[in-house]
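S.K.: predicted structure and sequence below. I'll ask about it afterward.
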Amino acid sequence: MQAKKKITLYIYIVNGNSDSVFCYGLGVKNQEIAWLLQEKYAGVKSAAFHADCERLATGEPLAYIIGSIPFLDCKIYLDSHPLIPRPETEYWVEKAITVINYAQASPRQTVQNNCPRRGLGQKGLSRPAFNDGDIRTDVPGFVPRKDDGVEEGDGDIRRLYEEHNDSGVTWQSKMQLDERGLSLCGSQRRMVMDEVVRILDLCAGSGVIGVAVARAVPDVGVTFAEINPTLLPTIEKNLSTNIAINRNIGGTSYKILQSDLFENVTGKFDFILTNPPYIDADAQTVDKSVITNEPHLALFGGQLGLELIARIITAAPAYLTPAGQLWMEHEPLQTEAIATLGAGSGFIVTTYPDQYGTLRYSVLTKAVAK
């Protein structure tokens, strides 16, 4: 049998520039070495740094070695080795935050004539009028304010509404735009949101999704549900280090639950955000480093990766407010199954690509009973 190749790392500085760090060895990227040196050791090489380089060479993820990873405007700690947040997740969470911010800015949203009426913001601030062209087409969900830097001519308000807000609330062609936002006249059906938008981070892991939302959206209520009890202190740490928090009232409120999906969850939420285990249990293409180092409980979702997804979609309507939304990350090949499951549970389902053009997440909007 061939002897196992000894891993040797050669690290040197080019032209005396401490930012130009190169590594020659087995499967270690130069960028990873440079990032490790700067992020964890502030550019100072030491015995511990060289030991960490050896860990990198064995395939241990850089994020675990550093102990944290940036995510939007947050520093997410990975002390208990939860699932490492991916750029694809960061992409759709940023979209969700945009939608949630608009929802929070109009906490009492009235639906008249089967269409949303935009009123005063949370603190009584009036909104400027906007036109059909004042729409950011790459963001699903609520209509943005004109003072958010949205350029005119970017899209079609009717198409965006019908694609992303189709909760059984149909479009009316006659509409009135005034300084308080979008209003449409007609029937008296109303949908009222509480003063605080309530978020559920389901399959929370490190709490990265809920923490990012809580940091970006003022005065939001976030519940974290995670089955693995060893991860709960990590969620607490990420909350306390990234935002000013209050368990009960004022500012951001939060609750951390050990829960198998919805098992210990109570109440209703305006948004459920989840990156559930969705890899096929029989998948053969998962990177060896992922299989070796990351928690299988957070990776594998049973047959075709759909077992937990199906449970979530089936149960979610009972935990959503009228027209509430379930945002879910998934594999591209699961798109059709999710659309079928969602329709069977009373959702309107739209799937979106990630930054790489791959269908990566779906927004399931709870239909409003007529």
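M.R.: Nice, I can see it. Numbers count the residues shown, from 1 in each chain.

S.K.: quick one, domains of the chain?
M.R.: Residue ranges for each domain of the chain read 10-58, 72-96+194-366, 108-183, as given by automatic domain parsing.

S.K.: rank the ones you listed by pLDDT, which is bottom?
M.R.: Ranked by mean pLDDT, those end with domain 108-183 at the bottom, a mean of 33.

S.K.: what is the neighbour count of the nearest residue in space to residue 258 that is not next to it in sequence?
M.R.: Nearest in space to residue 258, with sequence neighbours left out and distances taken as CB to CB, 6 or more residues apart in numbering, is residue 229 at 5.0 Å. Every C-beta, even on glycine, is put in place using the N, C-alpha and C of the backbone. Around residue 229 there are 9 other residues, counting by other CB atoms under 10 Å.

S.K.: what distance do you get for residue 229 to residue 74?
M.R.: In this structure, residue 229 and residue 74 are 23 Å apart, going by CB to CB, to the nearest Å.

S.K.: same check on residue 223?
M.R.: The span separating residue 223 from residue 74 equals 18 Å under the rule CB to CB.

S.K.: likewise residue 328?
M.R.: Looking at residue 328 against residue 74, where the rule is CB to CB, the gap reads 21 Å.

S.K.: between those two, tell me which one has more neighbours.
M.R.: Taking other CB under 10 Å, residue 328 and residue 74 do not tie; residue 328 has more neighbours (28 against 24).

S.K.: the more buried one: which element?
M.R.: Under the assignment given by DSSP states H and E, the secondary-structure element containing residue 328 is strand 320-329.

S.K.: partner strands of that strand, with direction?
M.R.: According to DSSP bridges, the neighbouring strands of strand 320-329, each with its direction, are strand 269-274 (parallel), strand 359-366 (antiparallel).

S.K.: report the buried residues of the very next helix or strand once past it.
M.R.: Proceeding C-terminally, strand 320-329 gives way to helix 335-344 as the next helix or strand, assigned by DSSP H and E. For helix 335-344, a neighbour-count test (16 or more other CB atoms under 10 Å) marks 335, 337, 338, 339, 341, 342 as buried.

S.K.: and if you look at stretch 211-228?
M.R.: Buried residues in stretch 211-228, counted by 16+ other CB under 10 Å: 211-217, 219-228.

S.K.: before we move on, what about stretch 327-334?
M.R.: Using 16+ other CB under 10 Å, the residues of stretch 327-334 that count as buried are 327, 328, 329, 330, 331, 334.

S.K.: now for the residue found closest to the fourth one once you drop the neighbours it is linked to in the chain: which residues touch it?
M.R.: With sequence-adjacent residues excluded and distances taken as CB to CB, 6+ apart, residue 330 is closest to residue 278, at 5.0 Å. Contacts for residue 278 (CB atoms under 8 Å, 6 or more residues apart in numbering) come out as 301, 305, 306, 308, 309, 329, 330, 331, 334.

S.K.: could you redo the residues you listed as a markdown table and give each row distance to residue 242?
M.R.: As requested, the contacts of residue 278 are arranged in a markdown table below (distance: CB to CB, whole Å):
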| residue | distance to residue 242 |
| --- | --- |
| 301 | 28 |
| 305 | 30 |
| 306 | 33 |
| 308 | 27 |
| 309 | 28 |
| 329 | 21 |
| 330 | 26 |
| 331 | 29 |
| 334 | 31 |
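
S.K.: out of those, which is nearest to residue 320?
M.R.: When the contacts of residue 278 are compared for distance to residue 320, the smallest value, 16.1 Å, is given by residue 309; criterion: CB to CB.

S.K.: that closest one is in contact with residue 331, isn't it?
M.R.: No - under the criterion of CB atoms under 8 Å, residue 309 makes no contact with residue 331, lying 9.4 Å away.

S.K.: quick one: the residue nearest to residue 299 when sequence neighbours are not counted and residue 263, what's the gap?
M.R.: Spatial nearest neighbour of residue 299, excluding adjacent residues (CB to CB, 6+ apart): residue 279 at 5.1 Å. When CB to CB is the yardstick, residue 279 and residue 263 sit 22 Å from each other.

S.K.: compare the two (neighbour count), which wins?
M.R.: Here residue 279 and residue 263 are compared on neighbour count by other CB under 10 Å; more neighbours surround residue 279, at 19 against 11.

S.K.: just to revisit the earlier point, between the buried residues of stretch 327-334, which sits nearest residue 297?
M.R.: Closest approach to residue 297 among the buried residues of stretch 327-334 (CB to CB): residue 329, at 16.1 Å.

S.K.: what about the spatially closest residue to the closest one that is not a sequence neighbour, how many residues nearby?
M.R.: Among residues not flanking residue 329 along the chain, residue 275 sits closest, at 4.4 Å (CB to CB, 6+ apart). When neighbours are counted by other CB under 10 Å, residue 275 registers 25.
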